[in-house]
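Trainee: Predicted coordinates and the sequence they were generated for:
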Amino acid sequence: MRPDTATAPAGPARATPAIRATGLRKRYPGVDAVDGVDLTIAPGESFGFLGPNGAGKTTTIAMLCTLAVPTSGRVEIAGHDTRTDAAAARRRIGLIFQESTLDAELTAAENLRFHADLYDVPPARVPARIEETLALVGLTGCRDRVVHDLSGGMRRRLEIARALLHRPQILFLDEPTIGLDPNARAQVWRYLRHVCENEAVTLFLTTHHLEEAEQCDRIAIIDAGRIVAQGSPAELKSVLGADRVELRTGDDAAAALLIGERLGLDVTRDGQGLRFQVPGGARVLPRLLTELDVPVYEARVTSPSLDDVFLHHTGHRIRDEAPAEPPGAPDAASSVVRVPASSEPGTGGPRAELRAMGMVWRREMLHFRRDRLGAAISLVQPLVFLFILGVGLANLMPGPSGDAYQLFLFSGALVTAAQGPALATGTSIMWDRQGGFLREMLAGPVHRGSLLVGKCLGGTTVASCQAAILLATAGLVGVPFDGVLIALLLGELVLVSLTMTILSVLLSTLIRRPQTFGTVLTVIIAPLVFLSGSFFPLSAMPSWMAGLALANPLTYAVDVMRRTIAAYLPAAPPQLFQPLSLGSWHPPVVLECGLMAALAAGGLTWAARRFSRIT
Ligand SMILES: Nc1ncnc2c1ncn2[C@@H]1O[C@H](COP(=O)(O)OP(=O)(O)OP(=O)(O)O)[C@@H](O)[C@H]1O
């Protein structure tokens, strides 16, 4: 690959190995997943890692890619020690996971653009790089197509393009063609060969496919955490020695006798023809054919296969080990590169962190813009509260309370409008995790905290925008139109949105299963809303319920907004607009805002800690 002066890695000289691993070990409780692996891979080489299930391939690749910390041993990527300089190592790596990590809702170009931001590709070069890499994998025509609509093979090629976008020196591929049909597999390989030959990228791949391993310059066979053989496919096969020759002749008995005498070989004869083993079969056969004075109908020379090599070194055949592949679908049961806590790569500087943060934020905005139906639906609930429930309940109430009830309800409706999208941010993390995109982000050369902040800011923006739309209806329920009041309410809405977004993000880092997350949200949302003082004042609650309400962050959010509105309504009925009280003390609005901000800060710190442990 041509060097890029702005991002070309400085430092190690050309002769430095692309990958060097020494004494690499990974111990999990009760298992030595990788047990002393040594590897040296030259720049531009293609290297295949073959091994049965559970041999330690994925664990090795995870350690080489800085995504898992070795129990002992050392890895250098283009001369950069992965323990001390993980960010530099990561920038030199392109990674293609076993399962797709594309954002299926975005276009091919948008996926590439996000990757460029994550890897801090100079902005002026991004458009050209996108076109180049798309052309490299033959996807120029798919530039603006949504990934969801691309075939499995096209997605794989797009992932290759994305992994190459930041011009890595080394491309790691964990089972690159798993789940693809033979045609798509051949196509992916055509592009990989092209990349290897023309872009001078080092390839390191794990595979169960012997024909894929055959295409590598060198391979290593790993079994039970140890490399049992290493070399070029030809070298490995030559260790097994002789080729197998099969002949079908007009007189097998005479031919067998002659071959036995002339070559001193054991010849096996059966109804199908005769067979024998001889070193350099392709060289020996033509001479033999001229010497045989019987007609030969068919002759075949078979070299030892990698499967034979595998059997020789491990005692079992790799074909028996290959996982079943549902056509076109990733193999869910197969291993994945895990991304553990200790892989935090350091930073590429504050600008790179900000850019990654901005990337995550912009992605949230894109999702919001495209999901118009979702945005409309989440506005319906507060509108129902306000204009259906509000009108109905207002008619049940006598006198001034009834007249002011919708006004009373307005602050609760605003908080509800912000709360829906804020809580959805946690759900989107769940989907990112399940859809794989989270892994693409976590493998980037930036702090995870930056990614989390970007996500929270995105959720906060969406939630604030949703609530601001409802704020536009303020005049309909009698909220005075005052610039300062609207500005205050908007500011408070941003704070409420931020706090609720962070709490939902925290929840998403505490719960692993999306179904469980959905259930938890369903169970907590109703009590949160009903115990917030949105529908009835806290003074109307029995003391135990009012006590619970004080532990609900939404209570403070509603109280802050209601008191802000009430300050502009001299005639507000006091029985409805009573401020929240602790005994006889009414905490000031500023203190309530401070409480929410403290909750947001604490929640963000905890969520960041949890986020750094996501695997
Ligand atoms: N996080 C983990 N905790 C405990 N054991 C683990 C963990 N990850 C891997 N292992 C164990 O380490 C060994 C090697 O696993 P690894 O996933 O590296 O194998 P693999 O060669 O990639 O297998 P496959 O071909 O099935 O993907 C296995 O015994 C596996 O159970």
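Mentor: Yes, it's here.

Trainee: is the helix or strand containing D307 anywhere near the ligand?
Mentor: Secondary structure from DSSP states H and E places D307 in helix 306-314. No: applying CB under 6 Å from any ligand atom, one finds helix 306-314 separated from the ligand by no less than 12.1 Å. Where C-beta positions appear, they are placed from N, C-alpha and C, glycine not excepted.

Trainee: So L407 sits against L569, correct?
Mentor: Yes: L407 is within contact range of L569, at 7.2 Å (criterion: CB atoms under 8 Å).

Trainee: can you pull the buried residues of the helix holding D307?
Mentor: L306, D308, V309, F310, L311, H312, H313, T314 (16 or more other CB atoms under 10 Å).

Trainee: so, if you compare those, which one comes nearest to the ligand?
Mentor: Of all the buried residues of helix 306-314, T314 has the smallest distance to the ligand: 12.1 Å, by CB to the nearest ligand atom.

Trainee: can you pull the contacts of that closest one?
Mentor: Contacts for T314 (CB atoms under 8 Å, 6 or more residues apart in numbering) come out as P52, I221, D223, V228.

Trainee: Tabulate these (TSV), appending secondary structure.
Mentor: Below are the contacts of T314 laid out as TSV (DSSP: H, G, I helix; E, B strand; the rest coil):
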residue	secondary structure
P52	coil
I221	strand
D223	strand
V228	strand
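
Trainee: Most neighbours among those, please name it.
Mentor: Within the contacts of T314, I221 tops the neighbour count with 25 neighbours, counted by other CB atoms under 10 Å.

Trainee: confidence score at the closest residue to Y556 other than its chain neighbours?
Mentor: Residue nearest to Y556 in three dimensions, not counting chain neighbours: E592, with 4.5 Å by CB to CB, 6 or more residues apart in numbering. Looking at E592, its pLDDT is 96.

Trainee: Can you read off the backbone torsions of E592?
Mentor: Backbone geometry at E592, expressed as degrees, to the nearest 10, gives phi -60, psi -40.

Trainee: ok, how many other residues are close to it?
Mentor: When neighbours are counted by other CB under 10 Å, E592 comes out with 21.

Trainee: how close does the most centrally placed residue in the chain get to F49?
Mentor: For the chain, the residue nearest the mean C-alpha position is R439 (2.2 Å; CA atoms, centre = their mean). Distance of R439 to F49, given as CB to CB, to the nearest Å: 20 Å.

Trainee: same check, this time on S401
Mentor: S401 is 73 Å from F49, by CB to CB.

Trainee: When those two are compared, which one has more neighbours?
Mentor: F49 (27 against 16).

Trainee: Tell me who's in contact with that one.
Mentor: K57, T60, I61, F204, L205, T206, T207, I219, A220, I222.

Trainee: Check V301 and give its pLDDT.
Mentor: The model's pLDDT for V301 equals 85.

Trainee: Not counting its neighbours along the chain, what's nearest it?
Mentor: Using CB to CB, 6+ apart, the nearest residue to V301 is G281, at 4.0 Å.

Trainee: correct me, but the one you found touches L247?
Mentor: No: the pair G281 / L247 is not scored as a contact, 11.0 Å apart, by CB under 8 Å.

Trainee: Specify which residue of these two has the higher count of neighbours.
Mentor: L247 (25 against 20).

Trainee: any chance you could read off phi and psi for the residue of the stretch 451-600 of the chain found nearest the ligand?
Mentor: As assessed by CB to the nearest ligand atom, the ligand sits closest to R512 within the stretch 451-600 of the chain, at 14.0 Å. Per-residue torsions, R512: phi -90, psi -40 (degrees, to the nearest 10).

Trainee: Over to V34?
Mentor: phi -130, psi 130.

Trainee: A strand includes L24, no?
Mentor: Yes: L24: assigned to a strand according to three-state DSSP.

Trainee: Please name the nearest non-neighbouring residue to it.
Mentor: Looking at L24 with CB to CB, 6+ apart, the closest residue is G73, at 3.7 Å.

Trainee: Contacts only, for P233.
Mentor: A213, E214, C216, I219, L306.

Trainee: Mind checking which of those residues land in helices?
Mentor: Judged by DSSP state H, helices contain the following of the contacts of P233: A213, E214, L306.
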